[in-house]
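>>> no sequence on this one, just coordinates:
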């Protein structure tokens, strides 16, 4: 057997530098960015925090011809309280979320995720929009935003559209975004009175991607579950909601024994794999545990409010 | 295509031309002679390349050099002012928090910033704040001790060690 | 001498390299940028087992790059580690190879003015492969008779030897009659173990910088634990006289054994430099560094026999080492693995088979402890099981059977034996028990609930260097130069490297103690091979013990010379024997005085100035020194863990790290060794591994995204981690001191594994004990298996 190999990926990797040449743009306004995307979209990549994109370029997973650096677009960096909802600009950094009383008070599951995401430096750089657009099954922001019923506003030169986050992910690294689209902002409705939410991540160390993660939102009235949402990360090609488990819980009395029994259903709604971080067996076993734990915390938080 | 950039580096103005794909870490180390920030992983896992960008800690291995145009960058070399070590640097020495020293610049820049944000951090807050910085020698024990000691010293504002140049 | 009688030893001092390190101005080898320097990149084999048919360099050269292929460099086989004597040095490495034996073997290299240009040139190389084979990733498969040969012929010394069944080298040993002893034993425990393939994750990636000079000489800066062996190996490979090579000692950003050998990047950089006639630097990327070196992975079988009253009667160890594609130091490790085994407990009858087996994986090398963490984990597990089966307290059983004071010790293997003269194990056990709250320890069966806590003990030791009264298979000596400057300050010159543990600061204190010159007046010279005497390597926890021993001897000789000059001034003194040298607390400097007549004196400063002004000559001394012993430093860890039985996660709750290092020279740095040792040991026990894909690629692809080490948040709180030192004095050591670096790690895994057992009642025989394994085991037990 003779094989001529030009290169292995090991000879392409180079994390000392960005071993990719590209044409560089740094628009200052959203409109400029959308113009550029309209023109170069298919061969361009958006640079926001850089903590995912530049790593992927060093690993040669992506080699864009054009980089559109949107760091300078100030209008995309905000956290706004609008009464019944909170709007978060896509360029908002994780560290801003961490320091926001609004996030901490209204969206504890998102705040949980913020606290366990990356290190301080990563949270200073990485943006909320970037975390979602990379569409990693392990994205820490996804499960909480899914149980919080967040919506995403996608903008292009043609206009804007708003979609629920549950319809955003298509597969590992894939979203419904068109090449000319940019994630502009995330809107999260304020949780209903008497509800609570939580997020739990299981990882190898405190500075790691999730082996498995789960977010829950819960409302209990007259000791019965009247609202429950569950989302699981790192257990399928995308972060997923688990509607059948939710359905089975609705109307049930909030009793630990019942919760424990019903959350077993989540394993049917995920399709985890064996990989370098964990095993399918482990992910299935632990998914039940962390959903249960998250529900208990959600309940506790709901009663405290 | 070279891009001219202007920024403040450790308090002094710098004008330099960079390539679009040039990393801040390499600009600092190769062209500007500041080798305090270190390459360890290149992918944002270790914190050894940490610098302050407009006062906030960021990873220079994942920051484009063009991105600092018009901004202010501080490296470990710029922390000590007027030939005086900072309280954190002093505490690192006194608490034996330095072993091989390769991770040290990253830790010091982080803890220095932490204490500016939070002059009285708990041990847990320190550990959480520096979890993005890896050390393979110390088990972090003396680093955490140094952070606590520096916090205490800063609150007391005692005298600092002079650097003899 | 007790601690309080010491002037400097045992006192907290500021390390010499502290200010450069905290201000970011310390230059490591990767921090050097030389004008006109080229940057190198290495073409790494994309196949784990293949032959190179053709390399087309034309495009890369057209781009202006300097290119080297196996045809451009010496093809002689070498072993990158020169610590062993010639006769037992197995050689299978080449600078560049046409026969890649693992995914990552270096085939070619390029150099260009920038890293990006070098990268482009690397990508322009065209390499054709032949004979691509399925990699052998399992050592037992490798030993099967029909397995393909990874290496056919290698060199042992200068003799060509055939490799059979992929076994690179073998060591067998026996003492007494194991079969008979096991037959007569009341209890026999037999267990198989498999250790993990840990990556050192030293922070500084391997680096070399080579600078050519117009007279044909070269200067090398590199990540190394041994500048002299670097020089010798480069001299041997490239046939350059050693007088034409200068290797500069620069600080190293961690190593943990991974630069005992001359890293492959060094000869490649030298070859590029010799061809380019320009300075060339290569710093590996992290993803290359993970493919450069890992720890030895060992498969053990242990059989241990004991009488019912708790007396060990036999110990048998089979040690199959999966060494990967090349031998870095496998043969001496076969000896030390045996040494660790026999020196842990009094087995009384011993049998050992050790085999180093080639596989198509990353080459393995020493990693802090040189096999002792692995052997100790397995033995401490067996010992714990035996104690439990006999119904004995694990601490009592250990104290009954361990190798301690007065016993024969041969930790470095069968060729070097000595008697143990200092032993702090009983003290460490006693104090450790109290501090951890040993009385709280309950049987696993008594524990219920989701979160279960357990307490475990683990003990081990490491040698202090590899010296001894007779010359064995290991080279171990060092050199030390001291000179008194014209103002009475002192220059201390040694080739010995400090990895960051504060070794050289310990030497300074030892010299200060001996001469009465305060440490801040002693200059630690950043030296190189042309101005130092030979030192073998900073390894084997020899830095403080052996290097400190040389420092003591040099200081003593220097003192004599000082007296010979001082007698000219203190003329009433009858002879140099009547003089003393000591630190004068008022003058804050060293003073020579007449015994019992402290007023008849001269400061060393004045004496040195006088020697200069009167043309007496420099007061200086040179010592080359071999230690006549390699005493064990004992360590004992008591660890409490908490296991979340629902997720399998294990958390450290409380740690007592105890060490017997004889006299503690640098208390803070000694404690630092235990802190770091625990963190690494914890990672070894529950976290770290480098598994492979079938094609011979690492599952982590080289990225530390998937090679996790612990962070500050994963470690116990300050109040839950206590370090204790035994009050011992090692008569053969400098001021009673022994080594520590490796011992600080060696006993951790045993303690953690035993604590996990105590929490949940499950023993694990494969490292790391990940949450996945814990949960699976608990589920199996739940299922009634």
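In hand now; what should we look at? Computed from a prediction, not measured in an experiment: that's the story for all the values here. Numbers count the residues shown, from 1 in each chain, chains lettered A, B, ... in the order given.
>>> contacting residues around stretch C:777-785?
Defining contact as CB atoms under 8 Å, 6 or more residues apart in numbering or on different chains, one finds that stretch C:777-785 is touched by A:285, C:645, C:648, C:760-762, C:764. Glycine gets a C-beta too; all of them are placed from N, C-alpha and C.
>>> Can you pull the residues of the stretch 151-300 of chain A lying near chain B?
A:206-207 (CB under 8 Å from any CB of the partner chain).
>>> how about stretch C:120-138: buried residues?
Buried residues in stretch C:120-138, counted by 16 or more other CB atoms under 10 Å in any protein chain shown: C:120-125, C:127, C:129, C:132, C:135-138.
>>> Also stretch C:74-89?
So, applying 16+ other CB under 10 Å, buried residues of stretch C:74-89: C:74, C:77-84, C:88-89.
>>> Please apply the same query to stretch A:97-110.
Quick answer for stretch A:97-110 (16+ other CB under 10 Å): A:97-98, A:100, A:102-104, A:106-110.
>>> can stretch C:202-215 be found next to chain B?
Yes - Stretch C:202-215 is in contact with chain B by CB under 8 Å from any CB, via C:202-205.
>>> pLDDT averaged over that stretch - what is it?
Mean pLDDT, stretch C:202-215: 98.
>>> Could you confirm whether that stretch reaches chain A?
No - counting by CB under 8 Å from any CB, chain A has no neighbours in stretch C:202-215; the shortest distance is 9.2 Å.
>>> Compute the distance between the closest residue to chain B within the stretch 201-350 of chain C and residue A:123, please.
Going by CB to the nearest CB, chain B is nearest to residue C:253 of the stretch 201-350 of chain C, at 3.1 Å. From residue C:253 over to residue A:123 the distance is 26 Å, taken as CB to CB, to the nearest Å.
>>> More neighbours: these two, which one.
residue C:253 (29 against 22; other CB atoms under 10 Å in any protein chain shown).
>>> mind listing what that one touches?
Taking CB under 8 Å, 6+ apart, we find residue C:253 in contact with B:38, B:100-102, C:28, C:30, C:202-204, C:223, C:500.
>>> element containing the closest residue to it other than its chain neighbours?
Once flanking residues are discounted, residue C:253 sits nearest to residue C:204: 2.6 Å by CB to CB, 6 or more residues apart in numbering or on different chains. Under the criterion of DSSP states H and E, residue C:204 resides outside all helices and strands.
>>> Domain parsing of chain B, as residue ranges.
B:3-78, B:87-156 (automatic domain parsing).
>>> mean confidence for stretch C:435-447?
On average, stretch C:435-447 scores 97.
>>> And that stretch, end to end?
22 Å (CA to CA, to the nearest Å).
>>> What's the local residue count around residue A:264?
Using other CB under 10 Å, residue A:264 has 15 other residues around it.
>>> That one and residue C:191: what is the separation?
36 Å.
>>> End to end on stretch C:457-471, go ahead and measure it.
Termini of stretch C:457-471 sit 36 Å apart (CA to CA).
>>> Tell me the buried residues in that stretch?
For stretch C:457-471, by 16+ other CB under 10 Å, it's C:457-468.
>>> Would you pull up how far the top helix by length along chain B lies from the middle of the chain?
As assigned by DSSP state H, the longest helix anywhere in chain B is helix B:141-156. Distance, stretch centre to chain centre, for helix B:141-156: 16 Å (CA atoms, centre = their mean, to the nearest Å).
>>> Return the residues in contact with the closest residue to chain A within chain B.
When scored by CB to the nearest CB, chain B has residue B:132 as its residue closest to chain A, at 1.6 Å. Taking CB under 8 Å, 6+ apart as the contact definition, residue B:132 lies against A:118-122, A:207, B:46-47, B:110, C:711.
>>> One more pass at 6 Å, please.
With CB atoms under 6 Å, 6 or more residues apart in numbering or on different chains as the criterion, the residues that contact residue B:132 are A:119-121, A:207, B:47.
>>> low-confidence ranges in the chain?
With no chain named, the answer covers chain A. Applying pLDDT under 70 to chain A picks out residues A:1-7, A:305.
>>> meant chain B actually
Across chain B, the ranges flagged by pLDDT under 70 are B:158-165.
>>> Please apply the same query to chain C.
Those would be C:1-4, C:785, if you go by pLDDT under 70 across chain C.
>>> OK, now which residue of chain A is nearest to chain C?
For chain A, CB to the nearest CB, closest residue to chain C: residue A:8, 2.8 Å.
>>> now chain B
residue B:36 (2.3 Å).
>>> mind listing what the residue in the stretch 301-450 of chain C that chain A sits nearest to touches?
Using CB to the nearest CB, residue C:450 is the residue of the stretch 301-450 of chain C that sits closest to chain A, at 9.2 Å. Residues near residue C:450 by CB under 6 Å, 6+ apart: C:645-646.
>>> what about 10 Å?
Neighbouring residues of residue C:450 by CB atoms under 10 Å, 6 or more residues apart in numbering or on different chains: A:289, C:643-647.
>>> give the contact list for the residue nearest to the spatial centre of chain B.
The centroid of chain B falls nearest to residue B:109 when counting by CA atoms, centre = their mean (2.8 Å). Neighbour list for residue B:109: A:121, B:36-37, B:47, B:49-52, B:57, B:74-76, B:78-79, B:86, B:88, B:133, C:24 [criterion: CB under 10 Å, 6+ apart].
>>> among those residues, which are in strands?
B:50-52, B:57, B:74 (DSSP state E).
>>> need those in JSON lines with distance to residue C:211, can you?
Converted to JSON lines, these look like this (distance: CB to CB, whole Å):
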{"residue": "B:50", "distance to residue C:211": "31"}
{"residue": "B:51", "distance to residue C:211": "29"}
{"residue": "B:52", "distance to residue C:211": "34"}
{"residue": "B:57", "distance to residue C:211": "35"}
{"residue": "B:74", "distance to residue C:211": "32"}
